[in-house]
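In: With the input below, show me the fold.
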Amino acid sequence: MSFDTRNGTRGAKQPSANLFLKLGNKLMMSRARKSNGTMAGMRLLVLTTIGKKSGEPRSTPLAWFPGDDSTWLIAASAAGGAKNPAWYYNLAATPDRVTIELGGETIPVVAEQLHGEDRARAWAAIVESSANFGSYEEKTDREIPVIRLTRA
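Out: Just a heads-up that it's a prediction; the model follows:
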């Protein structure tokens with residue numbers, strides 16, 4: 001399946017990539033790595049993609065949800081922003097060059113965007129597990145991509 005979700009025309013305001021945001025991400029990644037993948041009751045992983053433009057590794061802390069058959073689900077929600085997050089485009093460019101860090105382990109994975117009924121079922125499970133994700137969908141006019149990560 002393809003990574004084909006377009007940006008929307010409205011959504012929650014996104015923070016600029018400033019020093020505060022970068023430090024916050026580093027802190028979240030550190031906590032995710034040290035806490036065996038949970039923080040404040042949320043399951044966290046560190047997603048590492050290859051930058052679409054730079055070719056450099058890019059790491060991002062993300063909430064994850066259990067998928068079928070020992071897979072991981074992540075949502076490119078950007079907290080309901082109008083635009084897809086940068087990591088979404090990095091996944092689209094190299095879906096087979098991705099790793100996740102979870103529970104002290106670095107796991108090579110392959111990324112696949114879900115569509116149709118598969119996406120609808122996964123999104124419903126995500127919203128049931130974490131209601132704030134449902135509010136993200138209300139803030140934007142784009143369909144929030146749901147990505148399945150499968151061990152490579």
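In: Give me the residues contacting the helix or strand harbouring Pro61.
Out: Using DSSP states H and E, Pro61 sits in strand 57-63. With contact meaning C-beta atoms under 8 Å, 6 or more residues apart in numbering, strand 57-63 is reached by 25, 28-29, 32, 42-51, 74-75, 85-87, 90, 130. All C-beta spots, glycine's among them, are computed from the backbone N, C-alpha and C.
In: Please state the mean pLDDT value computed over stretch 58-66.
Out: Across stretch 58-66, pLDDT averages out at 92.
In: Could you tell me which residues within it count as buried?
Out: For stretch 58-66, the neighbour count (16 or more other C-beta atoms under 10 Å) marks Ser59, Thr60, Pro61, Leu62, Ala63, Trp64, Phe65 as buried.
In: got a list of what Ser70 touches?
Out: Contacts of Ser70 (C-beta under 8 Å, 6+ apart): Arg151.
In: my guess is Arg43 contacts Phe65, does it?
Out: Yes: checked against C-beta atoms under 8 Å, the pair Arg43 and Phe65 is within contact range at 7.0 Å.
In: remind me which residues of the protein are low pLDDT?
Out: 1, 14-40 (pLDDT under 70).
In: Which stretches in it count as strands?
Out: 38-39, 42-50, 57-63, 65-66, 72-75, 98-102, 105-113, 146-151 (DSSP state E).
In: Which among those strands is found nearest to Arg119?
Out: Ranking the strands of the chain by their distance to Arg119 (criterion: C-beta to C-beta) puts strand 146-151 first, at 5.0 Å.
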